[in-house]
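1. Here is a sequence with its predicted model. Questions after.
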Amino acid sequence: MQKAYLILICTLLTSLAFAQKKTAVPATATLDVDRLYQKYKNQNHIIIQAGNRDVRANVVIQYNIYKQLSAIILYGETPADISDAMDDLKSELENAKQKAGYKPVSGRNLIANFERNDTYQNNIPVSVWQKGTQYAKYGIKKADEGQPVIDTTNTEATPAPRYTANFFYFEVGDSARKQAARHDKLEF
């Protein structure tokens, strides 16, 4: 009888050890923002492909108040003639996030502002994807600049602004790091 209990206990302990081993998170697991930081940490700008064109993207690395990495941002401007290629690029990025387990966030007014704070012309509507505390934001805005194009064949038409460029904004980050709630013990 004691041998049966001993065998039963050994079997349970062995199966418990294997179960814990299977569910353990690998030590190499990193957040997307950490992986991207390794790729972009020493760069102010990069060249990305949109269709068959090279596009310059500015790189911004954001840190929280404790100097912990919180987000990586790529943004820039492209000519208007590659609008479809930029839309395709944005769709590819969103599909990759969806395959990685991110879920779309909806129901809010989702706007990203880059370069100059509180400047309306730099507000870009973005789609937001989230997985746990990780998030991704992707947006493209068509820029209307310069003198309006006047249709000389239709005298009743209102002149339309000239579509000259696309502004794009891609951000990957960790909201837990961005909020940075660290309460150090007061020593006095």
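-> Received the coordinates, thanks.
2. Tell me the confidence at Gly93?
-> Gly isn't right for residue 93; it's Leu. In the prediction, the pLDDT value recorded for Leu93 is 95.
3. Where does the prediction get shaky in this protein?
-> Along the chain, segments meeting pLDDT under 70 span 1-29, 107-109, 112-122, 144-163, 180-188.
4. give me that answer again for 90
-> Scanning the chain for pLDDT under 90 picks out the ranges 1-30, 50-52, 65-67, 76-83, 106-126, 141-167, 176-188.
5. can you give me the helices in it?
-> When assigned using DSSP state H, the helices of the chain occupy the ranges 2-23, 32-40, 83-99, 175-179.
6. Give me the residues contacting the second one.
-> I take that to be helix 32-40. Under the contact criterion CB atoms under 8 Å, 6 or more residues apart in numbering, helix 32-40 has outside partners 46, 59, 61, 69-72, 100, 134, 136, 172-174, 177. Bear in mind the C-beta positions are built from the backbone N, C-alpha and C, glycine included.
7. Please enumerate the strands of the chain.
-> Applying DSSP state E to the chain gives strands spanning 45-50, 53-63, 69-79, 103-105, 111-113, 123-125, 127-131, 134-149, 160-174.
8. residues of the first one that come out buried?
-> Same thing as strand 45-50. Taking 16 or more other CB atoms under 10 Å as the basis for neighbour counts, the residues of strand 45-50 that come out buried are Ile48, Ala50.
9. Residues touching that strand, excluding its own?
-> Counting contacts by CB under 8 Å, 6+ apart, the residues outside strand 45-50 that touch it are 40, 54-59, 74, 76, 78, 82, 85-86, 88-89.
10. at 6 Å instead, please
-> Defining contact as CB atoms under 6 Å, 6 or more residues apart in numbering, one finds that strand 45-50 is touched by Asp54, Val55, Arg56, Ala57, Asn58, Val59, Ile82, Ala85, Met86, Leu89.
11. ok, so of those residues, who is nearest Ile140?
-> When the contacts of strand 45-50 are compared for distance to Ile140 (CB to CB), Met86 wins out at 5.4 Å.
12. from the contacts of strand 45-50, which would you call buried?
-> By neighbour count, with 16+ other CB under 10 Å, the contacts of strand 45-50 hold Val55, Ala57, Val59, Ile82, Ala85, Met86, Leu89 as buried.
13. burial of the nearest residue to Thr133 once chain neighbours are set aside, as a residue count?
-> Distances taken as CB to CB, 6 or more residues apart in numbering put Ala176 closest to Thr133, at 4.0 Å, once the chain neighbours are dropped. Look at Ala176: counted by other CB atoms under 10 Å, it has 15 neighbours.
14. just Ser91 next, same as before
-> Neighbours of Ser91 under the rule other CB under 10 Å: 12.
15. got it, and the one 5 residues further on?
-> As a burial measure, Ala96 scores 12 neighbours (other CB under 10 Å).
16. pretty sure Gly51 is in contact with Ser83, am I right?
-> No. Under the contact definition of CB atoms under 6 Å, Gly51 does not touch Ser83, with a separation of 10.0 Å.
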